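Asker: quick one, structure for this:
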Amino acid sequence: MWSVNDEINFFNDAINLSSIENLMVNVNGKYYAFQPKYDRARVSTPQSRNSFIGSTTEKWCKELFSSIARHNNLYAVNGVICEEIGLSQKSAADLAFCTTPNTIQSSDNIKLIFEIKMGIVNNYFYNDNADFEFCGDYTTHRGNPSLLRSDSMLKAIGKSINLRVDSSKAKSIPIIILGNSPITQSYVKKVDCLKGSGVVQKFISLYPNPTSHDFINVTPEKGFETYESIEQLENYVEYVLNSNMNYFSSMMSNKELGRLISIANAETTDELKGQRFLEMLSV
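Answerer: As a prediction, this is how the structure comes out:
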């Protein structure tokens, strides 16, 4: 799972591709990942999710999930494009489980979509030995990393809604949002509502111990949950893959709803009743 070592490895790799000025913020002549919380200098804190960390976390997630995909005879693929469900080149799926290893996919080949909203969570100091040194968790700096960022949450929610409404071909594809931080209190009811409505299946943090202070580990309806092991993650993903779920959304009168239920109820099994009901909703 995500750890301090993953973040230090990111900085060590990124410094070979960019300058320290592009990676960290200068606070009174010293370089930090984020401005320390109680520092009063007027500096601009960089985004915790930029092109470097975005690419790194997407590859990291692919490596993490590849074995889970293989156990289910699927491939973990970054940057999946499927125009028929609204996954364009500019808005590709960060990661998806597919029946083939190709980037361009048909909707029938996509079995699970992951939207990744991960970034640098902790604070780091660039010391005199040119090493990146941990100097505090997210409660000690001014940044809002990963799912603590309101814009990250809104982008993930918006993309999920677009997938649901753009095409009926996405109705059976589960969507999971991946982060590496807790969420704020203001999103507790929202994530549970999104899970309950089926827009997304869950928001998951892959960072088991982001702070020694109290934080939101799980919401009441488990719309958000912090996972502590690969086994826990694998069990949930396999449950989602095997659930044969369908998303549906509509607004109609009670009379019309009752009529559709009566028609569907004439089928001989619960599965056929559900299938018939969904078919009528999509007409």
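Asker: where does pLDDT dip in the stretch 151-283 of the chain?
Answerer: When residues are selected by pLDDT under 70, those of the stretch 151-283 of the chain lie in 167, 248-252, 278-279, 281-283.
Asker: what ranges does it have for its helices?
Answerer: Taking DSSP state H, counting those that start in this stretch to define them, one finds helices in the stretch 151-283 of the chain at 188-197, 230-241, 254-264, 270-281.
Asker: pipe these into a markdown table and attach distance to D39 and mean neighbour count per row.
Answerer: Heads up, the C-betas are built off the backbone N, CA and C, glycines and all. Formatted as a markdown table, the entries for these read as follows, by distance: least, C-beta to C-beta, whole Å; neighbours: other C-beta atoms under 10 Å:
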| stretch | distance to D39 | mean neighbour count |
| --- | --- | --- |
| helix 188-197 | 30 | 17 |
| helix 230-241 | 36 | 15 |
| helix 254-264 | 58 | 12 |
| helix 270-281 | 55 | 14 |
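Asker: for E115, phi and psi?
Answerer: The phi/psi pair for E115 (degrees, to the nearest 10) reads phi -100, psi 130.
Asker: one more: the one 10 residues further on?
Answerer: Backbone torsions for F125, taken as degrees, to the nearest 10, come to phi -120, psi 130.
Asker: next, P36: phi, psi?
Answerer: Taking degrees, to the nearest 10, you get phi -50, psi 150 for the backbone angles of P36.
Asker: for it, give me its contacts.
Answerer: Residues in contact with P36 (C-beta atoms under 8 Å, 6 or more residues apart in numbering) are 27, 123, 135-136, 140-142.
Asker: what do you get for S181?
Answerer: By C-beta under 8 Å, 6+ apart, the residues touching S181 are 119, 121, 138, 145-148, 205, 207, 210.
Asker: please redo it, this time with the cut-off set to 10 Å
Answerer: With contact set as C-beta atoms under 10 Å, 6 or more residues apart in numbering, S181 has these partners: 2, 48, 117-119, 121-122, 137-138, 144-149, 152, 205-207, 210-211, 215-216, 226.
Asker: same check, this time on N242
Answerer: Taking C-beta under 10 Å, 6+ apart, we find N242 in contact with N72.
Asker: kindly report the same for S67.
Answerer: Taking C-beta under 10 Å, 6+ apart as the contact definition, S67 lies against 76, 230, 234.
Asker: are any of the contacts of P36 buried, and which?
Answerer: By the neighbour-count criterion of 16 or more other C-beta atoms under 10 Å, these include these buried positions: 27, 123, 135-136, 141-142.
Asker: and of those residues, the nearest to D13?
Answerer: Closest approach to D13 among the buried ones among the contacts of P36 (C-beta to C-beta): N123, at 18.6 Å.
Asker: now do the contacts for that closest one.
Answerer: 7, 24, 32-37, 133-143, 145.
Asker: from A41, how far out is it?
Answerer: Taking C-beta to C-beta, to the nearest Å as the criterion, N123 is separated from A41 by 15 Å.
Asker: next one: S146
Answerer: With distances taken as C-beta to C-beta, S146 is found 24 Å from A41.
Asker: and what of A69?
Answerer: 46 Å.
Asker: can you give me the strands in the stretch 51-200 of the chain?
Answerer: Assigned by DSSP state E, counting those that start in this stretch, the stretch 51-200 of the chain shows strands spanning 75-80, 93-98, 110-117, 123-126, 132-136, 175-179.
Asker: distance from the shortest one to the middle of the chain?
Answerer: The reference is to strand 123-126. 26 Å (C-alpha atoms, centre = their mean, to the nearest Å).
Asker: alpha carbons of it, as CSV, please.
Answerer: Extracted in CSV, the C-alpha atoms of strand 123-126 (Å, rounded to 0.1, in the frame of the first residue of the first chain):
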residue,chain,number,x,y,z
ASN,A,123,5.6,17.2,3.7
TYR,A,124,9.3,16.8,2.8
PHE,A,125,12.4,18.9,3.2
TYR,A,126,15.3,19.0,0.7
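Asker: in that strand, what counts as buried?
Answerer: Residues 123-126 are the ones in strand 123-126 that count as buried (16+ other C-beta under 10 Å).
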